[in-house]
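Colleague: Sequence plus the predicted model coming up.
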Protein chains: 2
Amino acid sequence: MTPRLVEVRQNVLKKNDELARALRLRFREAGVRVVSLVSSPGTGKTALLERTLTALAKTHRVAALVGDLATENDAARLARSGAPVRQIVTGTVCHLEAQMVETALDGWDLHELDLLFIENVGNLVCPASYDLGEDLRLVLLSVTEGEDKPLKYPTIFNTADAAVLTKIDLAEAVEFDLAAATRNIRAVRPGMRIVAVSAKTGQGMEDLINLVGQVPT
Amino acid sequence: MTPRLVEVRQNVLKKNDELARALRLRFREAGVRVVSLVSSPGTGKTALLERTLTALAKTHRVAALVGDLATENDAARLARSGAPVRQIVTGTVCHLEAQMVETALDGWDLHELDLLFIENVGNLVCPASYDLGEDLRLVLLSVTEGEDKPLKYPTIFNTADAAVLTKIDLAEAVEFDLAAATRNIRAVRPGMRIVAVSAKTGQGMEDLINLVGQVPT
């Protein structure tokens, strides 16, 4: 990038950080816990979130914001859970920003929520630099993507609080090496908590539900 | 994005287009056909390219440039094909640019090549805006990612010349709907050529080899 682009980019990031900080304070004051999901396209963020929302909606007041470049399909899918859901359409922007989250919350009374999920645009690079004010950031990696991804996209793994291995029901079919994936994740972020789940069979969903119920200290 | 960031970004894109045009002329004069690959992380670009290079190296003079944020693993994998391979490490940049390609070519005599492959960083958003001077851009979509991806990432499908459905050996295990995927690809880009392949079993490799041997008119 040219020096001037770098400088403008730094200003954008600084502004985002300030907004994210304000959002985080607002979430804490309202007593809402905010969990964000980042991953490649096709890792299964929406399927997992649909199952999570459906499970949690029985005992908690949950809602979701979901980012996508072009369609509102994800919001329609997630709305089947019964939880309030809003779509953020980003156009050509490859990540969510704190400003987009703030705008999408307009009119919602955060005091009436226990948990808010934010599903980022499918991208393992761009979302890394943008704090959204969340308490817990989950990075998803599907068993079909390959065990090397943490080494190739270290920044996003570094900004996340826990890793979720998705589509674990396909592990055998794709000869997934769980030990190698764990090693690679923890090479990038030592001690990172890892949960293996399948939104299809329900395997590991209880671990995930426990995880999203915890705020990192 | 702020107006100033948009303006700076437009200048960067314009500069990239000029460089890409110069590269394209240079490739044509040297008689080298250039094929680029774009996709999400984990779609299997490197596995497919390794198999393609190995097959083509028997009859053609082939080489590859491969982009990654952080590691040189892909170049090491591809070098097993026997073809000359160079890694472009992009740092935090989520796409390749024409300038990076030009720099990576330093010292190679293009007249000694028939085919040059360029594997982009795993990303379905950012590479869309950057012409690399290629003759043919392939967008890869693995059957494990879901049939909806062309609708959600339309720009990248629009900038590509053909679509490659990868990991087709897993189609049954993940209940992949080929008709829906085809419909979604062609909703975004009518008439787009689609090839289904498996780098594991070799299914469809002949179609792919034929495709990369053709320059779009």
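Modeller: Great, that's in hand. Numbering: from 1, shown residues only, chains lettered A, B, ... in the order given.
Colleague: Now do the worst-scoring helix or strand of chain A on mean pLDDT: distance to the chain's middle.
Modeller: Among the helices and strands of chain A, helix A:3-30 carries the lowest confidence by mean pLDDT, DSSP states H and E, at a mean of 86. Taking the mean of its C-alpha atoms, helix A:3-30 sits 18 Å from the chain's own mean (CA atoms, centre = their mean, to the nearest Å).
Colleague: Which strands and helices lie in contact with it?
Modeller: Using 3 or more CB pairs under 8 Å, 6 or more residues apart in numbering or on different chains; DSSP states H and E as the contact criterion, the secondary-structure elements in contact with helix A:3-30 are strand A:33-38, helix A:98-104, helix B:3-30. Heads up, the C-betas are built off the backbone N, CA and C, glycines and all.
Colleague: May I see the buried residues of that helix?
Modeller: Of the residues in helix A:3-30, those buried by neighbour count under the rule 16 or more other CB atoms under 10 Å in any protein chain shown are A:Val8, A:Arg9, A:Val12, A:Asn16, A:Leu19, A:Ala20, A:Leu23, A:Arg24, A:Phe27.
Colleague: do stretch A:77-87 as well
Modeller: Those would be A:Arg77, A:Leu78, A:Ala79, A:Ser81, A:Ala83, A:Pro84, A:Val85, A:Arg86, A:Gln87, for stretch A:77-87 by 16+ other CB under 10 Å.
Colleague: Now those residues in CSV, please, with extra columns for pLDDT and distance to chain B.
Modeller: As requested, these are arranged in CSV below (pLDDT from 0 to 100; distance: CB to the nearest CB, whole Å):
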residue, pLDDT, distance to chain B
A:Arg77, 93, 9
A:Leu78, 94, 14
A:Ala79, 93, 16
A:Ser81, 92, 18
A:Ala83, 94, 21
A:Pro84, 95, 22
A:Val85, 96, 16
A:Arg86, 96, 17
A:Gln87, 96, 11
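Colleague: can you count the residues close to the residue nearest to A:Tyr153 when sequence neighbours are not counted?
Modeller: Nearest non-adjacent residue to A:Tyr153, counting by CB to CB, 6 or more residues apart in numbering or on different chains: A:Leu124, 4.3 Å away. By other CB atoms under 10 Å in any protein chain shown, the residues close to A:Leu124 number 31.
Colleague: who touches A:Leu124 in this structure?
Modeller: A:Val38, A:Ser39, A:Ser40, A:Lys149, A:Tyr153, A:Ile156, B:Pro41, B:Gly122, B:Asn123 (CB atoms under 8 Å, 6 or more residues apart in numbering or on different chains).
Colleague: if we can go back for a sec, of the helices and strands packed on helix A:3-30, which approaches A:Lys167 most closely?
Modeller: Across those, the minimum distance to A:Lys167, taken as CB to CB, is reached by strand A:33-38, at 14.5 Å.
Colleague: Strands of chain A, start to end?
Modeller: Using DSSP state E, the strands found in chain A span residues A:33-38, A:62-68, A:85-89, A:115-119, A:136-142, A:162-166, A:193-196.
Colleague: Nearest to A:Ala128 among those strands would be which one?
Modeller: Taking CB to CB, strand A:33-38 is the member of the strands of chain A nearest to A:Ala128, at 7.8 Å.
Colleague: Partner strands of the closest one and their direction?
Modeller: strand A:115-119 (parallel), strand A:136-142 (parallel) (DSSP bridges).
Colleague: Mind putting those strands into a markdown table with mean neighbour count?
Modeller: As requested, those are arranged in a markdown table below (neighbours: other CB atoms under 10 Å in any protein chain shown):
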| stretch | mean neighbour count |
| --- | --- |
| strand A:115-119 | 25 |
| strand A:136-142 | 25 |
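Colleague: Same list (these) but as JSON lines, adding mean pLDDT and distance to B:Ala163.
Modeller: As requested, the strands paired with strand A:33-38 are exported to JSON lines (pLDDT from 0 to 100; distance: least, CB to CB, whole Å):
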{"stretch": "strand A:115-119", "mean pLDDT": "97", "distance to B:Ala163": "25"}
{"stretch": "strand A:136-142", "mean pLDDT": "97", "distance to B:Ala163": "20"}
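Colleague: okay, those in CSV with distance to B:Leu141 next?
Modeller: What follows is the strands paired with strand A:33-38, written out as CSV (distance: least, CB to CB, whole Å):
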stretch, distance to B:Leu141
strand A:115-119, 20
strand A:136-142, 14
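Colleague: Name the spans of chain A whose pLDDT lies under the cut-off.
Modeller: Counting by pLDDT under 70, the low-confidence segments of chain A come to A:1-6, A:214-217.
Colleague: center of it - which residue?
Modeller: Residue closest to the average C-alpha location in chain A (CA atoms, centre = their mean): A:Leu37, at 0.8 Å.
Colleague: Does it touch A:Leu140 like I think?
Modeller: Yes. A:Leu37 is within contact range of A:Leu140, at 6.1 Å (criterion: CB atoms under 8 Å).
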